[in-house]
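>>> here's a sequence, model it:
(2 chains)
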Amino acid sequence: DVQLQESGPGLVKPSQSLSLTCTVTGYSITSDYAWNWIRQFPGNKLEWMGYISYSGSTSYNPSLKSRISITRDTSKNQFFLQLNSVTTEDTATYYCARRGGMTTAYLAMDYWGQGTSVTVSS
Amino acid sequence: DVVVTQTPLSLPVSFGDQVSISCRSSQSLANSYGNTYLSWYLHKPGQSPQLLIYGISNRFSGVPDRFSGSGSGTDFTLKISTIKPEDLGMYYCLQGTHQYTFGGGTKLEIK
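Residues are numbered from 1 along each chain as shown, chains lettered A, B, ... in the order given. Purely as a prediction, here's the structure:
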(Lines give C-alpha, C1' and ligand atoms only; values in the text may rest on other atoms or scores of the structure.)
Protein backbone atom coordinates (compact mmCIF):
# COMPACT_ATOMS: atom_id res chain seq x y z
CA ASP A 1 0.00 0.00 0.00
CA VAL A 2 1.27 3.49 -0.85
CA GLN A 3 2.08 5.62 2.16
CA LEU A 4 3.49 9.14 2.42
CA GLN A 5 4.92 10.71 5.56
CA GLU A 6 5.99 14.31 6.04
CA SER A 7 8.77 15.35 8.42
CA GLY A 8 10.59 18.52 9.33
CA PRO A 9 10.84 21.32 11.86
CA GLY A 10 7.60 22.57 13.36
CA LEU A 11 8.93 26.08 13.97
CA VAL A 12 10.73 28.35 11.52
CA LYS A 13 11.84 31.94 12.04
CA PRO A 14 10.68 34.68 9.66
CA SER A 15 12.99 35.29 6.68
CA GLN A 16 14.49 31.81 7.01
CA SER A 17 13.86 28.78 4.81
CA LEU A 18 11.31 26.07 5.48
CA SER A 19 12.48 22.57 4.58
CA LEU A 20 10.28 19.48 4.66
CA THR A 21 10.75 15.87 3.61
CA CYS A 22 8.16 13.45 2.26
CA THR A 23 9.11 9.80 2.59
CA VAL A 24 7.20 7.45 0.30
CA THR A 25 6.80 3.73 0.91
CA GLY A 26 5.03 1.15 -1.21
CA TYR A 27 5.76 2.83 -4.54
CA SER A 28 8.84 4.20 -6.27
CA ILE A 29 8.66 7.92 -6.99
CA THR A 30 10.57 7.30 -10.23
CA SER A 31 8.03 4.80 -11.60
CA ASP A 32 5.17 7.14 -12.44
CA TYR A 33 2.92 9.99 -11.25
CA ALA A 34 3.60 13.41 -9.81
CA TRP A 35 4.54 14.06 -6.21
CA ASN A 36 2.99 17.16 -4.72
CA TRP A 37 3.14 19.56 -1.84
CA ILE A 38 -0.14 21.07 -0.64
CA ARG A 39 -0.70 23.26 2.39
CA GLN A 40 -3.70 24.12 4.55
CA PHE A 41 -3.81 27.49 6.24
CA PRO A 42 -5.51 28.25 9.55
CA GLY A 43 -9.14 28.73 8.53
CA ASN A 44 -8.93 25.62 6.29
CA LYS A 45 -8.02 27.08 2.90
CA LEU A 46 -6.02 24.58 0.81
CA GLU A 47 -3.30 25.67 -1.61
CA TRP A 48 -1.45 23.55 -4.14
CA MET A 49 2.23 24.45 -4.01
CA GLY A 50 3.86 22.34 -6.71
CA TYR A 51 5.09 18.93 -7.75
CA ILE A 52 8.02 16.92 -8.97
CA SER A 53 7.18 14.30 -11.54
CA TYR A 54 8.52 10.75 -11.77
CA SER A 55 10.95 12.00 -14.42
CA GLY A 56 12.20 14.85 -12.26
CA SER A 57 10.42 17.73 -13.94
CA THR A 58 8.79 20.31 -11.69
CA SER A 59 5.77 22.59 -11.74
CA TYR A 60 5.09 25.31 -9.23
CA ASN A 61 2.21 27.54 -8.20
CA PRO A 62 2.97 30.90 -9.84
CA SER A 63 2.26 32.69 -6.55
CA LEU A 64 5.23 30.85 -4.99
CA LYS A 65 7.51 30.48 -7.98
CA SER A 66 10.25 32.80 -6.75
CA ARG A 67 10.49 31.12 -3.32
CA ILE A 68 9.82 27.41 -3.84
CA SER A 69 11.95 24.47 -4.82
CA ILE A 70 10.95 20.80 -4.93
CA THR A 71 13.70 18.22 -5.25
CA ARG A 72 14.14 14.52 -4.59
CA ASP A 73 16.48 11.78 -3.45
CA THR A 74 15.60 8.73 -5.51
CA SER A 75 17.88 6.44 -3.48
CA LYS A 76 15.80 7.14 -0.39
CA ASN A 77 12.46 7.44 -2.22
CA GLN A 78 11.99 10.90 -0.76
CA PHE A 79 11.07 14.29 -2.12
CA PHE A 80 11.59 17.65 -0.50
CA LEU A 81 10.06 21.08 -0.19
CA GLN A 82 12.10 24.21 0.32
CA LEU A 83 10.31 27.51 0.76
CA ASN A 84 12.53 30.56 1.13
CA SER A 85 12.03 33.88 2.88
CA VAL A 86 9.09 32.68 4.94
CA THR A 87 6.71 35.01 6.75
CA THR A 88 3.99 34.39 9.29
CA GLU A 89 1.62 33.91 6.36
CA ASP A 90 3.39 30.65 5.58
CA THR A 91 2.15 29.16 8.85
CA ALA A 92 0.16 26.11 7.78
CA THR A 93 -0.15 22.35 7.82
CA TYR A 94 1.90 20.95 4.96
CA TYR A 95 0.85 17.79 3.14
CA CYS A 96 2.58 15.72 0.54
CA ALA A 97 0.36 13.89 -1.91
CA ARG A 98 0.55 11.71 -4.98
CA ARG A 99 -1.19 12.80 -8.15
CA GLY A 100 -2.61 9.62 -9.61
CA GLY A 101 -2.64 8.47 -13.21
CA MET A 102 -5.17 9.10 -15.94
CA THR A 103 -6.81 5.68 -15.71
CA THR A 104 -6.78 5.24 -11.92
CA ALA A 105 -7.55 8.74 -10.66
CA TYR A 106 -7.74 11.08 -13.66
CA LEU A 107 -4.88 13.14 -12.25
CA ALA A 108 -6.53 13.64 -8.85
CA MET A 109 -4.58 13.48 -5.58
CA ASP A 110 -5.12 9.86 -4.61
CA TYR A 111 -2.77 9.37 -1.65
CA TRP A 112 -1.89 11.91 1.02
CA GLY A 113 0.42 12.09 4.00
CA GLN A 114 -0.87 12.88 7.48
CA GLY A 115 0.44 16.43 7.32
CA THR A 116 2.94 18.33 9.41
CA SER A 117 2.24 21.62 11.14
CA VAL A 118 4.70 24.45 10.59
CA THR A 119 4.59 27.72 12.49
CA VAL A 120 6.55 30.74 11.34
CA SER A 121 7.38 32.84 14.36
CA SER A 122 10.32 34.59 15.96
CA ASP B 1 -6.04 32.47 -12.42
CA VAL B 2 -8.95 30.06 -12.05
CA VAL B 3 -11.14 30.80 -9.06
CA VAL B 4 -13.17 27.94 -7.63
CA THR B 5 -16.20 28.81 -5.51
CA GLN B 6 -17.82 26.25 -3.30
CA THR B 7 -21.24 26.59 -1.69
CA PRO B 8 -22.54 26.42 0.91
CA LEU B 9 -19.80 27.16 3.45
CA SER B 10 -21.64 25.17 6.10
CA LEU B 11 -24.23 22.42 5.74
CA PRO B 12 -26.04 21.32 8.91
CA VAL B 13 -27.52 17.86 8.40
CA SER B 14 -29.36 15.06 10.12
CA PHE B 15 -28.26 11.47 9.62
CA GLY B 16 -30.16 9.94 6.73
CA ASP B 17 -30.44 13.25 4.84
CA GLN B 18 -29.47 13.76 1.22
CA VAL B 19 -27.41 16.87 0.42
CA SER B 20 -25.64 18.56 -2.47
CA ILE B 21 -22.50 20.69 -2.55
CA SER B 22 -21.82 23.03 -5.45
CA CYS B 23 -18.46 23.85 -7.02
CA ARG B 24 -18.21 26.58 -9.67
CA SER B 25 -15.12 27.66 -11.56
CA SER B 26 -14.38 31.02 -13.17
CA GLN B 27 -13.61 29.31 -16.46
CA SER B 28 -14.42 26.02 -18.12
CA LEU B 29 -12.56 23.01 -16.74
CA ALA B 30 -12.81 21.09 -20.01
CA ASN B 31 -9.48 21.13 -21.84
CA SER B 32 -8.97 21.08 -25.58
CA TYR B 33 -9.20 17.27 -25.58
CA GLY B 34 -12.51 17.30 -23.74
CA ASN B 35 -11.00 16.09 -20.45
CA THR B 36 -12.26 17.67 -17.22
CA TYR B 37 -10.06 17.31 -14.16
CA LEU B 38 -12.44 17.92 -11.27
CA SER B 39 -12.21 15.91 -8.07
CA TRP B 40 -13.79 15.90 -4.59
CA TYR B 41 -12.22 15.23 -1.19
CA LEU B 42 -13.34 14.69 2.40
CA HIS B 43 -11.12 15.96 5.18
CA LYS B 44 -11.88 14.72 8.66
CA PRO B 45 -10.25 16.30 11.72
CA GLY B 46 -6.89 14.75 12.51
CA GLN B 47 -6.77 12.83 9.24
CA SER B 48 -5.41 13.48 5.78
CA PRO B 49 -7.82 14.46 3.01
CA GLN B 50 -9.25 11.46 1.18
CA LEU B 51 -10.16 11.29 -2.48
CA LEU B 52 -13.86 10.59 -3.06
CA ILE B 53 -14.56 11.42 -6.71
CA TYR B 54 -12.26 11.98 -9.71
CA GLY B 55 -12.96 13.00 -13.27
CA ILE B 56 -16.27 14.64 -12.23
CA SER B 57 -18.18 11.45 -11.46
CA ASN B 58 -15.90 8.45 -10.84
CA ARG B 59 -15.84 7.06 -7.31
CA PHE B 60 -12.36 6.27 -6.01
CA SER B 61 -11.59 2.79 -4.73
CA GLY B 62 -13.57 1.96 -1.59
CA VAL B 63 -15.85 5.01 -1.72
CA PRO B 64 -19.49 4.11 -0.98
CA ASP B 65 -22.05 4.58 -3.73
CA ARG B 66 -23.98 7.10 -1.64
CA PHE B 67 -21.39 9.60 -2.96
CA SER B 68 -21.93 10.79 -6.52
CA GLY B 69 -20.56 13.58 -8.68
CA SER B 70 -21.93 15.35 -11.71
CA GLY B 71 -21.53 18.47 -13.81
CA SER B 72 -19.67 19.92 -16.74
CA GLY B 73 -17.92 23.07 -17.90
CA THR B 74 -17.96 25.40 -14.92
CA ASP B 75 -20.64 23.87 -12.67
CA PHE B 76 -20.18 20.70 -10.64
CA THR B 77 -22.07 18.99 -7.81
CA LEU B 78 -21.26 16.42 -5.16
CA LYS B 79 -24.32 14.61 -3.86
CA ILE B 80 -24.36 12.56 -0.68
CA SER B 81 -27.38 10.41 -0.03
CA THR B 82 -28.31 8.87 3.32
CA ILE B 83 -25.69 10.72 5.37
CA LYS B 84 -23.86 8.68 7.99
CA PRO B 85 -21.78 9.83 10.98
CA GLU B 86 -18.52 9.01 9.17
CA ASP B 87 -19.44 11.51 6.42
CA LEU B 88 -19.03 14.55 8.70
CA GLY B 89 -16.10 16.84 7.94
CA MET B 90 -14.87 19.34 5.35
CA TYR B 91 -15.51 18.73 1.67
CA TYR B 92 -13.35 20.29 -1.04
CA CYS B 93 -13.43 20.30 -4.80
CA LEU B 94 -10.18 20.57 -6.76
CA GLN B 95 -9.72 21.61 -10.36
CA GLY B 96 -6.65 20.23 -12.13
CA THR B 97 -7.22 21.49 -15.66
CA HIS B 98 -5.48 24.84 -15.17
CA GLN B 99 -2.74 23.88 -12.72
CA TYR B 100 -4.53 23.21 -9.41
CA THR B 101 -7.02 25.23 -7.40
CA PHE B 102 -9.12 24.10 -4.45
CA GLY B 103 -12.57 25.32 -3.57
CA GLY B 104 -12.95 27.03 -0.22
CA GLY B 105 -14.55 24.04 1.47
CA THR B 106 -17.95 23.04 2.84
CA LYS B 107 -18.32 21.91 6.42
CA LEU B 108 -20.81 19.08 6.80
CA GLU B 109 -21.95 19.10 10.42
CA ILE B 110 -24.75 17.85 12.59
CA LYS B 111 -27.76 20.10 13.12
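>>> list phi and psi for the most centrally placed residue in chain B.
Ranked by distance to the mean C-alpha position of chain B (CA atoms, centre = their mean), the top residue is B:W40 at 3.4 Å. The phi/psi pair for B:W40 (degrees, to the nearest 10) reads phi -130, psi 140.
>>> tell me the contacts of it?
B:23, B:51-53, B:67, B:69, B:78, B:91-94 (CB atoms under 8 Å, 6 or more residues apart in numbering or on different chains). Backbone N, C-alpha and C define where each C-beta goes, glycine included.
>>> how about a cut-off of 6 Å?
B:52-53, B:69, B:78, B:93 (CB atoms under 6 Å, 6 or more residues apart in numbering or on different chains).
>>> ok, and which of these reach chain A?
Of the residues in the contacts of B:W40, proximity to chain A by CB under 6 Å from any CB of the partner chain holds for none.
>>> most neighbours, which of the residues you listed?
B:C93 (29 neighbours; other CB atoms under 10 Å in any protein chain shown).
>>> which residue ranges of chain B form helices?
Taking DSSP state H, chain B contains no helices at all.
>>> how about the residues of it near chain A?
Proximity of chain B to chain A (CB under 6 Å from any CB) is limited to residues B:37, B:39, B:48-49, B:51, B:54-55, B:92, B:96, B:100, B:102, B:105.
>>> same list, those, but as a markdown table with neighbour count please.
Listed next are those as a markdown table, based on neighbours: other CB atoms under 10 Å in any protein chain shown:
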| residue | neighbour count |
| --- | --- |
| B:Y37 | 21 |
| B:S39 | 30 |
| B:S48 | 19 |
| B:P49 | 23 |
| B:L51 | 23 |
| B:Y54 | 27 |
| B:G55 | 17 |
| B:Y92 | 26 |
| B:G96 | 22 |
| B:Y100 | 26 |
| B:F102 | 22 |
| B:G105 | 21 |
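>>> averaged pLDDT, stretch A:23-38. What do you get?
Averaging pLDDT along stretch A:23-38 yields 97.
>>> right, I mislabeled it, should have said stretch A:45-58
pLDDT averaged over stretch A:45-58 gives 97.
>>> what distance separates the start and the end of that stretch?
With CA to CA, to the nearest Å as the measure, stretch A:45-58 spans 23 Å from end to end.
>>> run the chain-centre distance for that stretch.
7 Å (CA atoms, centre = their mean, to the nearest Å).
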